[in-house]
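Chemist: sequence first, then the predicted structure:
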Amino acid sequence: MKYLALVYYNEKIMDEMSQQEWDALNQECMACVAGLSEGGHFIIGSPLLPTHTATTVRVRDGKPSVTDGPFAETREQLAGFYMLEARDLNEAIALAAKIPPARYGSIEVRPARELKAEGNLAGGSGR
């Protein structure tokens, strides 16, 4: 089953890291991806640029509205994601615990819902 691991951390804390600390963390992340890939658990993932680069799009009454910045102000910001393959939630949690930025923030693990072919688009529970 596929699980999305969303990586959150406080950008202000990360901005206070020295370049050496930041580079070391990025090397750890790349090693983590290599290990997850070797185990057949890594599908795709990517770090994200800081939230000040975000654009939020909403559609209301058929009209798009675009604003700069993230959808909501929070203590932790979405920093990246890993799409993982795991046999169950327990394994997905164990894999997410290996993601290095978990030491600085949190990893939200969520099962991915697969859409079914025509006639059953909802794909079961979890609209």
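Modeler: That came through fine. None of the values given here were measured: they were computed from a predicted structure. Numbering: from 1, shown residues only.

Chemist: show the pLDDT at the spatially closest residue to residue 87 that is not a sequence neighbour.
Modeler: Here the nearest residue to residue 87 in space, its sequence neighbours aside, is residue 1; by C-beta to C-beta, 6 or more residues apart in numbering that works out to 7.1 Å. Every residue, glycine included, has its C-beta placed from N, CA and C. According to the per-residue confidence, residue 1 scores 96 in pLDDT.

Chemist: burial count for residue 1?
Modeler: Residues lying near residue 1 (other C-beta atoms under 10 Å) number 13.

Chemist: what's stretch 101-121 in contact with?
Modeler: Identification of contacts with stretch 101-121 by C-beta atoms under 8 Å, 6 or more residues apart in numbering yields 1-10, 13-14, 25, 29, 76, 79-80, 83, 89, 92-93, 96-97, 99, 122-124, 126.

Chemist: of the residues you listed, grab the buried ones for ChimeraX.
Modeler: Selection of buried members from the contacts of stretch 101-121 for ChimeraX, criterion 16 or more other C-beta atoms under 10 Å:
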select :3,4,5,7,8,9,14,25,29,79,80,92,96,99
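
Chemist: what about the helices in the protein?
Modeler: Assigned by DSSP state H, the chain shows helices spanning 11-15, 19-38, 89-96.

Chemist: check the offset of stretch 60-69 from the chain's centre.
Modeler: Here the centre of mass of C-alpha atoms in stretch 60-69, compared against the chain's by C-alpha atoms, centre = their mean, to the nearest Å, lies 24 Å away.

Chemist: what about that stretch, how long is it end to end?
Modeler: Between the start and the finish of stretch 60-69 there is a gap of 18 Å, counting by C-alpha to C-alpha, to the nearest Å.
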